[in-house]
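Trainee: sequence first, predicted coordinates after that:
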Amino acid sequence: VVVNLQSRVFYGLKTDISSKAHKMVVNLQSRVFYGLKTDISSNAHYISDSEILYPVGNVIALHDVSEYRQRFIRLSEKQQINIISVAHNKKYVAICDIGEKPTISIYDTDTLKRRKLLGIPYDAPDVTRFTCIGFTFDNKHLVAVTGEPDQTMLFYNWEKGTVESSIKVGTPQNPLAIVEVLACNPSDAGVLALGGLYTFKFLTLSDTVWRPYGFSKADNILTCSMIWLNSDRLLLGTKDGKILYLENGDLKNIYKMTDTLFMNLKIREEYVLQASSSIATMDAKEDIPWENNVRCLVAFQRGFAYALSRTIIVFEKEGWHKYVKRNIFIIPTQISKQENEDLYQVNSINVNLSSDQLLITAGWPQLFYARLWGSDLNVHPEPKKLKIMDQAWHFGPITDLSVCAWKSIFMTCGELDHSVRLWDFESGRLILHKQYTEDICGIALHPTGLFCLIGFSDKLRFMSVLVNDLLPMEEFSIRCCKTVKFNHGGHFFAAVNGNIVQIYCTIDFTSSFILKGHTNRVKTILWSQTDTKLLTLGAEGTIYQWDMTTGRRSAEIILKGIVLHDIALSADEQITYCIADDNNIYEIKENTTRQHSFPDANMYAMVLGKEDQALFLACPGGIILSVKCPFQEPIQYLTFHIHSADITKIALSYNEQFLISTGMDGSLCIWKLIYPEGKGKIGKELTYTNEVLINKDDLQEKMQTIIDLNVRMRELETEHAYKTRQIEVVHNDKVRDIHEGYCEAIEELRDKISRLQEDHKNELNTINVEILKMKEKHEETMKQMETNYNAKLIVEYDRYLAFENTMNIVHQNYEKRLEEVEKHGIEELRKAITKYEALLHEKKLQLEENQDEMAHQARVHEEMMMQVEDDADKEILELKTNYETLLHKKKEANIRLKGEVGTLRNRYTTSLKDVEDLKRQLQRVKSEYGYFQKTIQELEKDKEDLKNEINERDITIQDREHQIYELKRTNQELEKFKFVLNYKITELKNQIEPRDQEIKQLKEKIRDMETELVHELREKLRASRRELEYEIHRNKRCQELLKRIRVDLLDASGLVQEPQALKAAVTKLYHKYSSSDEFLRSCKADLDAQCEFIKQRDHLERTIASLKRQVFQDKAGSGKDIDKTVEENIILITELNALREELKDARKHIQHMENLLDLEAKDIKPSEARERMEEACYRHEQLQTEYRSQMQECQNIIIALKDDMYKLISKLPCEEPETKITF
C-alpha cells in the first residue's frame, strides 16, 4: 500500500497553562533526576548532613540521600551557569550565568524561589561572565569579580540589590594576571583576599573604599585556591604544589605539600620568592600539569583538606599552631571507553555541617564522599578509595532503555562506561550494576523482569537477572545488535541484524522467522499489543507490517521524499503514527494519511500509551512534548524542558504512571504522569512482584552465613549480658562509694560553711570599722586635692585667657594688614587709572597695538590680587587652626588631668588596701618565723638523736656482717651436703620408677575389675527394678479384679430370695473368676520368678568368689581396703537377698488374696460363699496401707543402698577421674 501525501494538515498549538484545554493534556512531574554537570565551578554543596545541592540538566537539584527525595530549583531554558556559591548559613545559593549581560541569581533553599537578581551596574559590553563570587560571613553581602578585560570587584548588598563599593582588580602591566579565586574573611565582612594567575592581594574596606594591605609581591605566584583558617590566617594553594601561609597580611611560610607531613605555623622560615623560579609566560604556564595544582582548599573545625593530583589530603589540627597529615583519599578508577586523565581532576570539595564527611566531585559525573577521622596514615599508609554517594550514575550517553511489566524496574546501558544498570522507578534506586569490557549496543528487558537481552559487539546474549548479577544462558550470532525487543507475552523476541529482522522463541531459543525486505538498516521495530503484528521502520523510509502467525509481510507504507525517525501503533492496531524530519506527525489509517504539523518542534522519538491516552515526543535540546491524544484541531500539547542535552530514549511504564527519559550527558529522569480528571487508570491495577532469581549455591551460602550470624549474635548477647551484670556490680560499688564520700563531703562542707560564716561576720565587722576610718582619711585627702586642683585650674584658666587675648590681637593685626593691602591696591589702581587717563589722549594711535598688553597686565594684576588674598586667607586659617589645636590640646590636657585625678583616687584606695594586706602578711610572717625557729630547735635535737642512733646502727651492722660471714660458711657446707643428697635422690628415683609402673599396672587391673563388678551389679539392679515394677502392676490388676468380684457379689446378694437365680449367679462367678488355666499360669510365673532369683544369686556368689580370688592374687600386700570393700559388697548383697525374700513373701500373699475366692467344686452353698467373701474382704484397707508403707520403706532402702554404692566406688583407689555411674 503506497500512501498518498495529498491530505489535510493540522497545526499544533501550545496551550496556555490556565486554559481549559490544558486540563485535558497529560502533565509531567519530575520525581528523580540523576546526573551531574561537571563544567561548573563548585558544583556540589552540603545544605544539611543529608541534603546535597548539585546542578543537573536545566535545574539545581537538592537531593536528600537518606530519604531518596529531591527538590528542584528550575532555571530558565537559555541560562548557562558557570559558578555556584552557597551562603555560610546554607539558606541561600548564588548562581552566575554566562551571556552578553551576565547576572547573579540568588535563590532561597527552603522555598526554592529566586530572592534577587543582581547585574553589573555599569556598561560593560566585553564582560560575559563572573570569574568568582562568594558570600561574606554575615550572609548579607556578596562579593563578585567580573571577567576580563578590566576585571572589577563588586561588593553587593544583595538584599537591597545595590552595589555598595567596587574596585578595579586587574593588572594592566601584565595581561596574563587574571583574578580567579576569592576568599572572604570568616569574621570581618570588610576583609577579603583575591588571587589568580600572577596576582594576589589583600583588600580591606574603609568608608566604602577598598584599600590593599599586607603581602602583595605576587608577580610570580600562580594561585589556584585559597581558604581562611581563622580571621588572621590564610592558606594559599599554588599550581606548583605549594601552600603559602600568611598571617595578619604577612607571608610567614611556604610548604611544598608533596614532602610535608606536618605544619607548625608558629615556626617561621625565611623564603625568597624569585621570579626566575616561577613561570613568566603563558606557554610556560600551559606546561604545568594539573596534577601539581593544590586545588579546592577547604577548612573546617578540626583541620583542612585540599586536592593534589587525583588525591584528597586531610590535615588534622593538633593544638593552636600544628597541623598533621592524617588521611589520604584517592578517586577510584572508572571504566570508560575514553581514557582521559583530566576526568580525575578534582572540581570541588565540600564538608558537611558535622565536619565528619567530605563531598568531592571531579570530571566524572559522579558524587564521591569520604568519612573523616578514621584510621590515620600510621595505621593505613596507602590511600583509601573514595566511595560513591547514593547511586552510581552513567558516564556518557545512555544508548538504550527498556521497561518490564511484572516489576517496577527498568534497564539502561551506557555507550562509554560499558555498563548495564537496573533501576526501580518507584523508589528511584539503583538495584543492579554490571560492568563489562566490551561495547554494549542494545538491551531488552523481559516482561517478567527475570530475563534480558544484551547486544554486544560480537554476539547477542540472553541472560537471567539474578539478585546481584546477570548470568548468560544463550548466545546468538548477531553482531552489534542495537535494536532488540521482546513481545508483550515474552515468548518471542525480535532482533535486528542489519536490514534483516530475526524472530526467536524464548522457550527453546530457536529461530521462528526471518523477516527480509528492507534495503537499508532497520531503525525501529514495534510489536502490537496482541503480538500478532510487527512493524519495522527502515532507514530508507519504508514501514513494513508483518503477520507473526505466518511470518509474512501483510502491509507496507512508503512515504516518498521523507526521512522517518520513529513509529507508534494505536491500541486497536488500525492507526500508525510516524514522525518525520519535516516537523510533522503522520497519522496513517488504511489508505488515508493525516498530517499534523508542529512548526517549532523537530521530533526524533515518540512513545504512545496503550489506550491512546498519552503521546510523548522527544525534541532536540532535551525537550519533551506531552500531546493530547487523539488529535483534535488545533493540536494541544505541553512542553517540559529539564534535560540540557539531547534525549536518547523515552519509555512508559507498564501501568503508564511513570515516564523515563535518558540523555546524551548520562542524565536520567523519572517523571510522574498526572492525568486529567476521569482518566489515567489503565484496566485493573496490577501488583508488582518482588521475587528474584538466585543461584542455589549462593542461597545455601547465604543461609549458612545467616545461621552463623545468628549463633554469633546469641553468643554476643550472652557476653553482653555477662558484661552488663559485671558493669552493674562495679557501678553499684562505685555509686555506693561515691554516695558515702558525698555524704562525708556534705558534712565537711556544712562545718566549713558554718566556720566561714562566723569568720565572714568577724571580717565584716573589722572591714566596716576600717571603712569608716578610710572614709575620714579620704575626705581629708579629697579636700586637699580639690584645693590643689582648683589652684591649678585657675592657673590654666589664666593661661587660656592669655592665649585667647593673644589670638584676638593677632586676628586684629591680620585684619588691619588686610585693610592696608586693600587700600594699597585701591590706591595703586587709582594711580594707574589716572596715569592711563592722562596718557589716553597722547597714545590713541598706540591703543590698538597696546590693547593686548594691557589686557595681559590686567590679568596678571588680578592673579596677583588673588594670590595675595589667598596667601592672606591661608595665613589666617593656619593661625586659626594652630590656636584652635592648641586650645583643643589644653582642653584635652584638662580632661586628662581630671581622669588622672580619678585614677589617683583609685590608686590611693588600692594602696591603702595593699598596706593593710602587707600589715596582715607581716604579722603572719612574724608568726611563721617564730614557728620556724621552734621547729629548727626541735630538728636540731632530732639531728643529735639521729647521730647517736647511727652510731648504734653501725655497731649492729658490724655484728650482722660477722653473722653473715658465719652463715655463708654454713651455706657452703650445706651445699656440699645438698650435692650428696641429690645423688642419693637420683638413685632412689631410678629404683622407684619400675615400682611405679608395677603399681600403675595393678591399678589398671583393679579398675577393670571394679568396672566389670559395677556393670554386673547395675544389670542386676535393673532386673530387680523391672521385677518390682511388674509386681506393682500385677498388684494393681489384682485390686481391679477384687473390685469387680465385689461388684458381682453385691449383684448376687440381691438374689438371696431366689435360690435358683442365686445358684446360677454363683456358678457363673465360679466359671468367670476361677479358671484353672489362669491359676496355673500364675503358679508357673511364681516358679519362674523363684528360679530366676536362685540363678541370679548363684551367679552373684560365683562372681564375688572369683573377684575375691583375683584381688588376693593381684594385690596381697596392700589389699586391706579391697577386702573391706568386698566385705561391704557381700553385706549389701545379703541385704538385697533378704529384700528379695520379703518381696517374694509379699507376692505370695498377693497371690493368696487373688485366689481367695477360687472354688474347688462347681456347687457350693450360699452361706459358705458368703463366709469366704467376708474372709476375702476382711481387713482389705488395712492391708493396703501396710503394703504401701512397706513398699515405701523398700524404696528408701534402695536409695540408701545406692548412696552406699556411690561411697564405696569413690573409696576405691583410682588415678583417673571417677566415672559417673547411674542406676
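Mentor: Okay, I see it. Numbering: from 1, shown residues only.

Trainee: only C-alpha atoms for contact and neighbour calcs from this point on.
Mentor: Noted.

Trainee: tell me the pLDDT at T956?
Mentor: Per-residue pLDDT puts T956 at 83.

Trainee: so which residues of the stretch 801-950 of the chain form strands?
Mentor: Ranges of strands in the stretch 801-950 of the chain, per DSSP state E, counting those that start in this stretch: none exist.

Trainee: got any ranges where it has weak pLDDT?
Mentor: For the stretch 801-950 of the chain, the stretches with pLDDT under 70 are 836, 839-853, 855-856.

Trainee: how does it look with 50?
Mentor: Across the stretch 801-950 of the chain, nothing is flagged by pLDDT under 50.

Trainee: show me where it has its helices.
Mentor: With DSSP state H, counting those that start in this stretch as the criterion, the stretch 801-950 of the chain has helices at 847-1053.

Trainee: quick one: strands adjacent to the helix or strand encompassing V181?
Mentor: Per DSSP states H and E: V181 is located in strand 178-184. Using DSSP bridges, strand 178-184 pairs in its sheet with strand 191-197 (antiparallel).

Trainee: what lines up beside whichever helix or strand comes after the strand it pairs with in the sheet?
Mentor: Per DSSP H and E, the first helix or strand lying C-terminal to strand 191-197 is strand 199-206. According to DSSP bridges, strand 199-206 has the following sheet partners: strand 191-197 (antiparallel), strand 209-213 (antiparallel).

Trainee: pull out the buried residues from strand 199-206.
Mentor: 199-204 (16 or more other C-alpha atoms under 10 Å).

Trainee: restrict it to CA atoms and write it as PDB.
Mentor: Output of strand 199-206 as PDB, limited to C-alpha atoms (Å, rounded to 0.1, in the frame of the first residue of the first chain):
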ATOM      1  CA  THR A 199      48.200  38.100  41.100                       C
ATOM      2  CA  PHE A 200      47.300  38.100  44.800                       C
ATOM      3  CA  LYS A 201      46.300  40.900  47.200                       C
ATOM      4  CA  PHE A 202      44.600  41.500  50.500                       C
ATOM      5  CA  LEU A 203      41.800  44.100  50.500                       C
ATOM      6  CA  THR A 204      40.200  45.900  53.400                       C
ATOM      7  CA  LEU A 205      37.100  48.200  53.300                       C
ATOM      8  CA  SER A 206      37.300  51.700  54.800                       C
END
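
Trainee: pull the distance from that strand to the chain's centre.
Mentor: Here the centre of strand 199-206 is set off from its chain's centre by 40 Å, with C-alpha atoms, centre = their mean, to the nearest Å.

Trainee: show me what that strand is in contact with.
Mentor: 171, 177-179, 190-195, 210-223, 249 (C-alpha atoms under 8 Å, 6 or more residues apart in numbering).

Trainee: and for stretch 815-825?
Mentor: Contacts of stretch 815-825 (C-alpha under 8 Å, 6+ apart): A872.

Trainee: mind listing what's buried along it?
Mentor: Within stretch 815-825, the residues that qualify as buried by neighbour count (16+ other C-alpha under 10 Å) are 818, 821.

Trainee: likewise stretch 383-395?
Mentor: 384-388, 390-395.

Trainee: off-centre distance for that stretch?
Mentor: 14 Å.

Trainee: and the contacts of that stretch?
Mentor: Stretch 383-395 is contacted from outside by 34-35, 65, 311, 327-332, 336, 364-370, 414, 416-417, 419, 429-430, 665-667, using C-alpha under 8 Å, 6+ apart.

Trainee: which of those residues fall within helices?
Mentor: Using DSSP state H, no member of the contacts of stretch 383-395 falls in helices.

Trainee: of those residues, which belong to strands?
Mentor: The strands, defined by DSSP state E, take in 34, 311, 327-330, 367-370, 414, 419, 429-430 from the contacts of stretch 383-395.

Trainee: give me phi/psi at L235?
Mentor: phi -110, psi 130 (degrees, to the nearest 10).

Trainee: what sits against it?
Mentor: Counting by C-alpha under 8 Å, 6+ apart, L235 makes contact with 226-229, 243-246.

Trainee: okay, now the nearest residue in space to G363 that is not next to it in sequence: neighbour count?
Mentor: Of all residues not flanking G363 in the chain, L343 sits nearest, at 3.9 Å (C-alpha to C-alpha, 6 or more residues apart in numbering). When neighbours are defined as other C-alpha atoms under 10 Å, L343 has 16 of them.

Trainee: who touches L343 in this structure?
Mentor: 362-364.

Trainee: all helices of this protein, in order?
Mentor: Going by DSSP H, the chain shows helices at 282-287, 696-838, 847-1053, 1059-1073, 1076-1114, 1120-1154, 1166-1177, 1180-1211.

Trainee: redo those helices as CSV? Include distance to I623.
Mentor: Shown next, in CSV, are the helices of the chain (distance: least, C-alpha to C-alpha, whole Å):
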stretch, distance to I623
helix 282-287, 39
helix 696-838, 45
helix 847-1053, 75
helix 1059-1073, 108
helix 1076-1114, 106
helix 1120-1154, 106
helix 1166-1177, 112
helix 1180-1211, 96
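
Trainee: which one of those helices lies nearest to P630?
Mentor: Smallest distance to P630 across those (C-alpha to C-alpha): 50.2 Å, for helix 696-838.

Trainee: what about that closest one, distance to the chain center?
Mentor: Remark: helix 696-838 is offset 43 Å from the chain centroid, using C-alpha atoms, centre = their mean.

Trainee: which residues does the closest residue to T311 other than its chain neighbours bridge with?
Mentor: Among residues not flanking T311 along the chain, I330 sits closest, at 4.3 Å (C-alpha to C-alpha, 6+ apart). I330 has these beta-bridge partners by DSSP bridges: T311, K385.
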